[in-house]
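Engineer: This is a predicted model, with the sequence first.
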Amino acid sequence: MSAAEKRLDMISQNIANASARGFKRQVGAVHSFERMVDGEQRRGQVLRTQVDFRQGELVQTGNATDLALMGDGFFSFEMGQELGYSRDGALRITDQGDLVTKEGFPIVWEDRTAQVDANGTEVRVDHAGNVFQDNTRIGALRIVDFVDRSQLQMADDGFFHAPDGIAEEAATAEVHSGYYEAANTDPVHEMVEMIMAQRAYESASNTVSQIADSYRRLTQQR
């Protein structure tokens with residue numbers, strides 16, 4: 001019942017974020033295990049979850065500072081004392097000429113030789129992440145990938161955080177300006193999964209009730 005309940009929570013989160021840009025759904029599998037409890041072998045079940053990093057569909061917006069990735073990799077953002085990683089490249093230009101997320105987190109540059117002119121012509125970003133304005137190269141955005149993405153920790157705000165010691169590798173993703181990556185969640189599939197999880201919970205609950213009724217009949221005074 002506990003595993004089914006956690007699975008329902010996971011599916012609910014997937015459905016709630018079905019319209020979130022760059023969101024990656026979570027998937028889970030129930031595993032059985034055995035352990036010794038008070039000298040007896042007991043069997044239990046646990047839900048193991050992982051992030052599905054499959055590519056989401058690219059949706060055109062026409063806004064040059066809406067950036068999407070096609071392939072493996074993440075945009076990097078400054079989030080206080082640490083870095084956050086995301087597939088959501090919806091950016092805006094501040095009055096100071098910085099490219100930031102809607103929350104105000106600055107994007108990390110691989111190199112930068114100038115500031116973006118907030119009142120200048122429209123910026124242009126090529127597939128390699130190079131940023132141009134007035135045909136002048138401003139710099140290149142930092143796009144990274146990780147050898148073992150399963151170690152990344154997904155926060156409630158949708159950003160991923162890398163634990164100490166995780167190995168980086170070169171990203172293969174291409175940047176597409178004027179697009180955003182939709183969530184890789186299929187709401188219909190998630191609803192089917194939710195129904196199955198609810199039935200599993202109800203089945204386990206009914207089993208517990210039947211066992212409790214059996215014990216109650218056995219212990220009733222005659």
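Structural biologist: Everything's here; your move. What you see is a predicted model; the values in this text were computed from it and never measured.
Engineer: what's the model's confidence in the helix ranked longest in the chain, averaged?
Structural biologist: The longest helix of the chain (DSSP state H) is helix 187-219. The average pLDDT for helix 187-219 rounds to 84.
Engineer: tell me which strands and helices it is in contact with?
Structural biologist: In terms of contacts (3 or more Cβ pairs under 8 Å, 6 or more residues apart in numbering; DSSP states H and E), helix 187-219 is packed against helix 2-16. Yep, even glycine has a C-beta here, placed from its N, CA and C like the rest.
Engineer: I'd like to know how many residues surround the residue lying closest to Gly71 once chain neighbours are set aside.
Structural biologist: Take Gly71 and drop its neighbours on the chain: the residue closest to it by Cβ to Cβ, 6 or more residues apart in numbering is Ala173, 3.7 Å away. For Ala173, the tally of surrounding residues (other Cβ atoms under 10 Å) stands at 21.
Engineer: got a list of what Ala173 touches?
Structural biologist: Shown in contact with Ala173 (Cβ atoms under 8 Å, 6 or more residues apart in numbering): 69-73, 143, 145.
Engineer: Buried ones among the residues you listed?
Structural biologist: 69-70, 72-73, 143, 145 (16 or more other Cβ atoms under 10 Å).
Engineer: chain center to stretch 164-180: distance?
Structural biologist: Centroid displacement of stretch 164-180 relative to its chain, using Cα atoms, centre = their mean, to the nearest Å, is 14 Å.
Engineer: whoops, I mixed them up, stretch 90-103
Structural biologist: In terms of Cα atoms, centre = their mean, the centre of stretch 90-103 is set 22 Å apart from its chain centre.
Engineer: Tell me the strands beside the lowest-mean-pLDDT helix or strand in the chain, with direction?
Structural biologist: Ranked by mean pLDDT, DSSP states H and E, the weakest helix or strand in the chain is strand 26-37, scoring a mean of 78. Note on strand 26-37: by DSSP bridges, its sheet partners are strand 40-51 (antiparallel).
Engineer: Next SSE downstream of the partner strand?
Structural biologist: As assigned by DSSP states H and E, the chain's next helix or strand after strand 40-51 is strand 58-60.
Engineer: Which segments of the chain make up each domain?
Structural biologist: Domain assignment for the chain by automatic domain parsing gives 2-53+186-219, 58-181.
Engineer: How about the secondary structure of the residue positioned nearest the centre of the chain?
Structural biologist: In the chain, the centroid-proximal residue (Cα atoms, centre = their mean) is Lys24; its distance is 3.8 Å. Look at Lys24: counting by DSSP: H, G, I helix; E, B strand; the rest coil, its state is coil.
Engineer: Without its sequence neighbours, what residue ends up closest to it?
Structural biologist: In space, Lys24 is closest to Val51, 5.1 Å off (Cβ to Cβ, 6+ apart).
Engineer: check contacts around the one you found.
Structural biologist: Contacts of Val51 (Cβ under 8 Å, 6+ apart): 24-27, 149-150, 152, 154.
Engineer: The residues you listed, buried ones only, as a PyMOL selection?
Structural biologist: To isolate the buried ones among those in PyMOL, judged by 16+ other Cβ under 10 Å, type:
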select buried, resi 24+25+26+149+152+154
